[in-house]
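**Student:** When you get a sec, could you give me coordinates for this:
(chains A, B, C and D)
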2 protein chains.
Amino acid sequence: MLYTNSVVGRPARIDRTQVLAEALALADEHGLEALTMAGVAERLGVTAMALYRHVANKADLLDGVVEALLTEFPPPPAGLSWSDRLGLLAGNIRASARRHRSVFPLLLQRPATTAEARHTRDAVYRALGDAGVPDDRVAQVERLVSTAVLGFALSEAAGRFRDHSRRQLDADFDALQALLSKFIESEAANEAPLRLVEPSDHDVS
Amino acid sequence: MLYTNSVVGRPARIDRTQVLAEALALADEHGLEALTMAGVAERLGVTAMALYRHVANKADLLDGVVEALLTEFPPPPAGLSWSDRLGLLAGNIRASARRHRSVFPLLLQRPATTAEARHTRDAVYRALGDAGVPDDRVAQVERLVSTAVLGFALSEAAGRFRDHSRRQLDADFDALQALLSKFIESEAANEAPLRLVEPSDHDVS
DNA sequence: ACCTGAACACCGTTCAAGT
DNA sequence: ACCTGAACACCGTTCAAGT
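**Tutor:** As a prediction, the model looks like this:
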């Protein structure tokens, strides 16, 4: 009768946040194939079945781990210039991919509709707006920019650039950001070298 | 004693190529989690254990499936312009990603050192050379271009653009290619707006 | 040489039972 | 309310045995 937190029962020894944190740490240390229910439970000093009180099943555990990972990049401070904000966002995404090589690729497979994901996209929208990209182009420019940064982060995390030095990878990432900045500026200047989105849908037979 | 293909034994009912083809088809139809040894075997009218004569284990099966997928984009005809060749390569990659949504992401995880992968990269190298990109910039430009195209193909395959129309996705992909073409041309013109690769490694303390 | 049946380890998941 | 033991289905993999 030491229990104080509920009508009848025992105090919780673990909670969802701990489960997700240990799952992420386990994957970081030993790879995705080591991320089993039993493995996570062992780190918490508990049996595998105990986890089912905190996650619905393994898919839910993986979703939660991805969400925990997304928590790591908060929106950049509003005081900075648009290009500094984008640079910060891109750098955070790349750093997260490097820290969590095995889990990061799950970002692709899992729903991108989470709150965290939307916050990041909104931060990019604001930066593009501040850069002067016309409202009707912001969404497409965001998709291209995000896709390119994600592609780089995924490639690096998956080890496609295994043979390259850290310096070379940093130089590549800088080059990618420079390319994207030039693109954004040309969109802002309304140079619009090509008609990228059809203004109306005439001629759809 | 109908057997003619070896000293003693029975004729093979299945071979590696068939195993990989059925594995790819199974994943295309029912997703990656349906891609089990037993599932592949069933499609071939054989038991799961029979597969081990043709693939070393499941990891080898997955490697083989990815390689089978890579076979689908042959090097573009040498007669075409560099930009047509790059456009063809990019289009083939995107089409393959759309056809094989669940297997395509494995491209990231698996070794990129296969013969097919090298052929594709060499084709890009030749196109960039023909475009006039200086020799010492070709490798980095290839990494950025390939990364961006791969990022788009992966995002689309994984369903990140689920809510967008086919027309919108086509427009996005065209925009990406236009952006990359502009980038390549600016590299070729030696405009080099930024120092992207350090020419020598002075000042490394 | 190629395939199968039996057998095993491992993993996700359930459910009734303990505190 | 929270955790455990027993139990099950499923999957990858082995090995000796069949043709």
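**Student:** Okay, and A:E187 sits in which element?
**Tutor:** Under the criterion of DSSP states H and E, A:E187 resides in helix A:166-188.
**Student:** and that helix, what's its mean pLDDT?
**Tutor:** Across helix A:166-188, the average pLDDT comes to 97.
**Student:** same deal with stretch A:25-33?
**Tutor:** Mean predicted confidence for stretch A:25-33 is 98.
**Student:** Sort out which residues of it are buried, please.
**Tutor:** By neighbour count on 16 or more other Cβ atoms under 10 Å in any protein chain shown, the buried set for stretch A:25-33 is A:26-28, A:32. (C-beta placed from N, C-alpha, C; glycine too.)
**Student:** measure the residue lying closest to A:V149 once chain neighbours are set aside to B:Q168 for me?
**Tutor:** Leaving aside its chain neighbours, A:V149 sits nearest to A:A90 (4.9 Å; criterion: Cβ to Cβ, 6 or more residues apart in numbering or on different chains). As judged by Cβ to Cβ, to the nearest Å, A:A90 and B:Q168 stand 24 Å apart.
**Student:** What of A:V145?
**Tutor:** From A:V145 to B:Q168 the distance is 16 Å (Cβ to Cβ).
**Student:** And for A:L89?
**Tutor:** 23 Å.
**Student:** So which of the two has more stuff around it?
**Tutor:** In this view A:L89 and B:Q168 are compared by other Cβ atoms under 10 Å in any protein chain shown, and A:L89 has more residues nearby, 21 against 16.
**Student:** Wait, that one touches A:E72, no?
**Tutor:** No: with contact defined as Cβ atoms under 8 Å, A:L89 does not count as touching A:E72 (11.9 Å).
**Student:** Just give the closest residue to A:A27, not the sequence neighbours.
**Tutor:** Distances taken as Cβ to Cβ, 6+ apart place A:L35 nearest to A:A27, at 4.5 Å, with adjacent residues excluded.
**Student:** can you count the residues close to A:D163?
**Tutor:** By the criterion of other Cβ under 10 Å, A:D163 has 9 neighbours.
**Student:** three-state assignment of it?
**Tutor:** Following DSSP: H, G, I helix; E, B strand; the rest coil, we place A:D163 in the coil state.
**Student:** all helices for chain A, in order.
**Tutor:** Ranges of helices in chain A, per DSSP state H, are A:16-30, A:37-44, A:58-70, A:82-99, A:106-109, A:115-131, A:135-158, A:166-188.
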